[in-house]
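Enquirer: this is a predicted model, with the sequence first.
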Amino acid sequence: MASTQYTDGRQERRVENYTKFWQKDLGKEGETDSQNRVESYTDVVNGYYDGATELYEYGWAQSFHFSRFYKGEAFAASLARHEHYLAAQMSLRPGMRVLDVGCGVGGPAREIARFADVNIVCLNNNDFQIQRARKYTKKAGLEDQISYAKGDFMKLSEQFGENSFDAVYAIEATVHAPTWEGVYGEIMKVLKPGGVFGVYEWCMTEAWDPSIPAHKELAHAVEFGNGIPEMRPLKKAHEAMINVGFTIEHEEDLAERPDEVPWYYPLEGDIWKAQTAWDYFTVWRMSWSGKLVSHTAIKVMEMVGLLPKGTYDVGESLKVAADALVKGGQTKLFTPMYLAICRKPVLSE
């Protein structure tokens, strides 16, 4: 049977097939399952985001990432500050040509374009997200600064040519790559000599031990709930950057900062922890009652054909994600904010 192709770019079959890339019992996941996801990373990621993008926008924001919080800091302000911090660490300057690798619906790109006055090319392999990103960017009046291109981040040099960008950043996106060496190597190629690469990477921390079944199952739960073929330890990201030729100028797991308000607090669904009155609704949406309302609505909309079949199952995987991410944060086994600022040598071999 042919897959239903929606005019907005979503494909029903890949949404329906998303959860089939995992065992129903995540404790029974094996190397064969992980390898299958790695080899089919495009289908895994697109199936997930075809189903999850609108849920992200409703339940989170147009910026699909985590951030640190100061006491009393608003949710939206924290997201913007996280983006500003990356731009500042990279020393982005007006007029630079910058590549956003895995841009989502363009929330960070719009913020960074305003903040640093740079010109950004946003790469995404998901048609649905690109359509939404272009709409939001037009509404923001940033079409002269931001453009969107469909493509595979494992083939950047083929698409853009080598030595094409002054800077490249990736915010919680390259974790979806089949290998870090592969995607970092492509980023290295498209950067001009002396260019800078900044990344917030999702990693399992050094405290994570895959030989411990509970640790391994936690990693699989993070994968399943977030469209990730394979979670890897932080040291592998560091090694990959070095192996492809980058000089790491600064690196830090920002989740290790002694913040009074943890990065995962919105996922806990405790409205009493909301930092401002405006954030009550954001936090409520992650509570048991908020999830009940939203997921019931999703099920009804899928039944009447307003959402692709399989969207409800993807939504259910987001529940698994929330629990796993909170647990990973509390136990310090997972971080969504390993920050690395890397430089391409001026005279590369």
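Expert: Okay, I see it.

Enquirer: secondary structure class for Glu201?
Expert: strand (DSSP: H, G, I helix; E, B strand; the rest coil).

Enquirer: pretty sure it is in contact with Thr174, am I right?
Expert: Yes - taking contacts as CB atoms under 8 Å, Glu201 lies within contact range of Thr174: 6.5 Å. To be clear about C-beta, it is placed using only N, CA and C from the backbone, and glycine gets the same treatment.

Enquirer: neighbour-wise, which of those two wins?
Expert: Using other CB atoms under 10 Å, the more surrounded residue of Glu201 and Thr174 is Glu201, with 27 against 23.

Enquirer: identify the residues contacting Pro336.
Expert: Pro336 sits next to 65-66, 172, 200, 202, 255, 263, 325 when contact means CB atoms under 8 Å, 6 or more residues apart in numbering.

Enquirer: also Leu99?
Expert: Counting by CB under 8 Å, 6+ apart, Leu99 makes contact with 120-123, 156, 160, 164-165, 167-169, 187, 190.

Enquirer: mind listing which of the contacts of Pro336 are in helices?
Expert: Leu325 (DSSP state H).

Enquirer: identify the farthest-apart pair in the contacts of Pro336.
Expert: Within the contacts of Pro336, Tyr200 and Leu325 form the most distant pair, 14.4 Å apart (CB to CB).

Enquirer: these two: who's more crowded?
Expert: Tyr200 (26 against 22).

Enquirer: now for the helix or strand harbouring Thr53, which elements pack on it?
Expert: For Thr53, the host element (DSSP states H and E) is helix 41-59. Under the contact criterion of 3 or more CB pairs under 8 Å, 6 or more residues apart in numbering; DSSP states H and E, helix 41-59 touches helix 12-17, helix 127-140, helix 288-303, helix 311-330.

Enquirer: may I see the buried residues of the first one?
Expert: Counting neighbours by 16 or more other CB atoms under 10 Å, one finds that the buried residues in helix 12-17 are 12-17.

Enquirer: the longest one now?
Expert: If you call a residue buried by 16+ other CB under 10 Å, then helix 311-330 has these buried ones: 311-318, 320-322, 324-329.

Enquirer: after it, next one along is what?
Expert: With DSSP H and E, the next secondary element past helix 311-330 is strand 334-343.

Enquirer: and that next one, how far out from the chain middle?
Expert: Centroid separation between strand 334-343 and its chain, computed with CA atoms, centre = their mean, to the nearest Å, is 13 Å.

Enquirer: give the pairing partners of it; include direction for each.
Expert: Neighbouring strands of strand 334-343 in its sheet, by DSSP bridges, are strand 191-204 (antiparallel), strand 247-253 (antiparallel).

Enquirer: any idea of the mean pLDDT for the shortest one?
Expert: Read that as strand 247-253. Strand 247-253 carries an average pLDDT of 98.

Enquirer: follow-up on the earlier one: looking at the buried residues of helix 12-17, which is nearest Arg37?
Expert: Asn17 (11.8 Å).

Enquirer: what's the pLDDT at the closest one?
Expert: Listed pLDDT for Asn17 reads 84.

Enquirer: list the residues that contact the closest residue to it other than its chain neighbours.
Expert: Distances taken as CB to CB, 6 or more residues apart in numbering put Gly47 closest to Asn17, at 5.8 Å, once the chain neighbours are dropped. Listed by CB under 8 Å, 6+ apart, the contact set of Gly47 reads 14-15, 17-18, 21, 227, 310, 314.

Enquirer: pipe these into CSV and attach distance to Leu142 per row.
Expert: Formatted as CSV, these follow (distance: CB to CB, whole Å):
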residue, distance to Leu142
Arg14, 30
Val15, 30
Asn17, 35
Tyr18, 31
Phe21, 35
Gly227, 27
Gly310, 33
Val314, 29
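
Enquirer: quick revisit: name only those of the contacts of Leu99 that count as buried.
Expert: Here, 16+ other CB under 10 Å leaves 120-123, 156, 160, 164-165, 167-169, 187, 190 buried among the contacts of Leu99.

Enquirer: mind checking which of the residues you listed are in helices?
Expert: The helices, defined by DSSP H, take in 156, 160, 187, 190 from these.

Enquirer: what sits closest to the second one if chain neighbours are left out?
Expert: The spatial neighbour of Phe160 that comes closest, neighbours along the chain excluded (CB to CB, 6+ apart), is Val190 at 5.1 Å.

Enquirer: how far away is that neighbour from Ala149?
Expert: According to CB to CB, to the nearest Å, Val190 stands 12 Å off from Ala149.

Enquirer: shaky segments in the chain?
Expert: Counting by pLDDT under 70, the chain has low-confidence residues at 1-3, 348-349.

Enquirer: sorry, back to before: what packs against the helix or strand that the helix holding Thr53 is followed by?
Expert: Using DSSP H and E, the helix or strand that directly follows helix 41-59 along the chain is helix 75-89. Helices and strands touching helix 75-89, by 3+ CB pairs under 8 Å, 6+ apart, are helix 107-116, strand 165-171, strand 191-204, strand 334-343.

Enquirer: now with 7 Å, please.
Expert: helix 107-116, strand 191-204 (3 or more CB pairs under 7 Å, 6 or more residues apart in numbering; DSSP states H and E).
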